[in-house]
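[1] Fold the stuff below for me.
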Amino acid sequence: MRLPSKLTSFLVFLLAVGTCYYYFGLLIPASRRQSLAHEMGVRYSYGGDFYPIWLTGRELVMQRADPYTPEMTREIQIGLYGRTMDARRPADFSEDYRQFSYPIYVDLLAAPLLPLSFEQVRVVLTLLLAPVTAASLSLWLRAFRIELAASTLANVVVLTLISYPVLEGLYALQAGLLVSGALALSIYALTRGWLELAGVLLAFATVKPQMVWVLAIFLLVWSMSGWARRKRLAISFVLMLALQIVTALAILPGWPLAWWHALVHYSGYTIPPLPQLVLRRWLGGVIALAILGVCGATCWKVRRASSDSAGFSLAVSLVLAVTALLLPTGGAVYDQVVMLPSILWLWARRKVILQESLPIRVLAVAAVVALSWQWITACGIALASLRFAAWCRTPSVLVFPTRMAAPFPFVVIALLSLIAVRLLRGGETAREATLAA
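    Got it, this is the predicted structure:
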């Protein structure tokens, strides 16, 4: 039974209040207390993910300083924690922790913010990232031809902003939220025939290549499959990416090799990708390859489809869901914001999906449970903290709402893969029924 819109909005409001209290009133203070217990400062815990970009950008522009050096890593650590990592402290991370791991042209794209103090940068990004995330939601809806009533759209925006990945990104001032916005605008531009703009935005998004590489490969294959009509996408992407790389080389020759070394070090102090984290190395690798196989076959199947077709939107949704699963560190929950189009694509077809085979229906229910887990359990802990404050502040309780962050991408990909397999088998009637919004 469908709830009245006012009641739905009120329930979403309660979820927002409870989730925000849990995150900002319980989880973040607990994290700060843990850092202080390890004698690590928390000066920039709010905005800490953007601090390395700001610091290295200023040093690069003003002094041509190499952002990948151990000296710069120590400066980043001192700025964030008040001291460098110490191998003699059991709780400390490795000495490479927080080493600058972006391609250097991210500093060039951040140039408008570099003259500001970091406190001013935090204000600017605080005012920018939430609207960008809300706008990216609207762009995905438009790109996928999904229409929502104004009240429903408002509720979806609120739920998106209070989701755990987005809250993590907003608090850390993660560049991934800007990349997610660029990807949404790129696909929207693609569906409108603005291929040059789509290619340029896709190139900008490569500042976080782990969020882009699978989608970029698919779009290049898609472009080459209709080269006469789509070549502007590939050409604009390649030219803009080359411009970024060459400009960075002119400022700091040899940076790609230093960046590669930074990526190698990065994998040494972060947790492994989700397939290996959840399923261990060997089985996780096999599952990851199988998922990539289904994703690749689906992309190949729809390579000639128009950008406004249901098959194309399915491929984009599956590609970005697979991207979230294959992120080089399973701890980068904030980068799971790229799963937003997958969620929207499935939600728009919920009535059809619930009439499908039993495995698809079971996975759909599992996806709903995994998605809503974060809000319901967060609100439960927030409410319980009013009576059992000490218990609710224990680490095992505080991490409870985050427990579905790892399984959720698996469930969504399994659901999308089953639908994709139907597409690959070519059952025309079933395919149209599943893909129709």
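
[2] neighbours of P253, just the number please.
    Using other C-beta atoms under 10 Å, P253 has 8 other residues around it. Bear in mind the C-beta positions are built from the backbone N, C-alpha and C, glycine included.

[3] L170 and W213: what is the separation?
    Distance, L170 to W213, using C-beta to C-beta, to the nearest Å: 25 Å.

[4] I187 too?
    Distance, I187 to W213, by C-beta to C-beta: 16 Å.

[5] which of the two has more neighbours?
    When neighbours are counted by other C-beta under 10 Å, I187 and W213 differ, and I187 comes out ahead with 27 against 13.

[6] does the more buried one count as helix, strand or coil?
    Secondary structure for I187, judged by DSSP: H, G, I helix; E, B strand; the rest coil, is helix.

[7] Please, where are all the helices along the stretch 151-300 of the chain?
    Assigned by DSSP state H, counting those that start in this stretch, the helices in the stretch 151-300 of the chain fall at 164-172, 175-191, 195-204, 213-224, 227-251, 255-269, 274-279, 281-301.

[8] mind checking the SS state of the most centrally placed residue in the chain?
    Central residue of the chain (C-alpha atoms, centre = their mean): D335, 2.3 Å from the mean position. When classified by three-state DSSP, D335 comes out as helix.

[9] Please convert the helices of the stretch 151-300 of the chain to JSON lines, extending it with distance to L415.
    Below are the helices of the stretch 151-300 of the chain laid out as JSON lines (distance: least, C-beta to C-beta, whole Å):
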{"stretch": "helix 164-172", "distance to L415": "18"}
{"stretch": "helix 175-191", "distance to L415": "20"}
{"stretch": "helix 195-204", "distance to L415": "26"}
{"stretch": "helix 213-224", "distance to L415": "18"}
{"stretch": "helix 227-251", "distance to L415": "29"}
{"stretch": "helix 255-269", "distance to L415": "29"}
{"stretch": "helix 274-279", "distance to L415": "16"}
{"stretch": "helix 281-301", "distance to L415": "12"}
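
[10] Those: which one's closest to E75?
    Between E75 and the helices of the stretch 151-300 of the chain, the shortest gap by C-beta to C-beta is with helix 255-269, which sits at 14.7 Å.

[11] Name the residues of the closest one that are buried.
    Residues of helix 255-269 classed as buried: W255, W259, A262, H265, Y266 (neighbour count, 16 or more other C-beta atoms under 10 Å).

[12] likewise stretch 384-398?
    For stretch 384-398, burial by neighbour count (16+ other C-beta under 10 Å) applies to S385, C392, R393, V397, L398.
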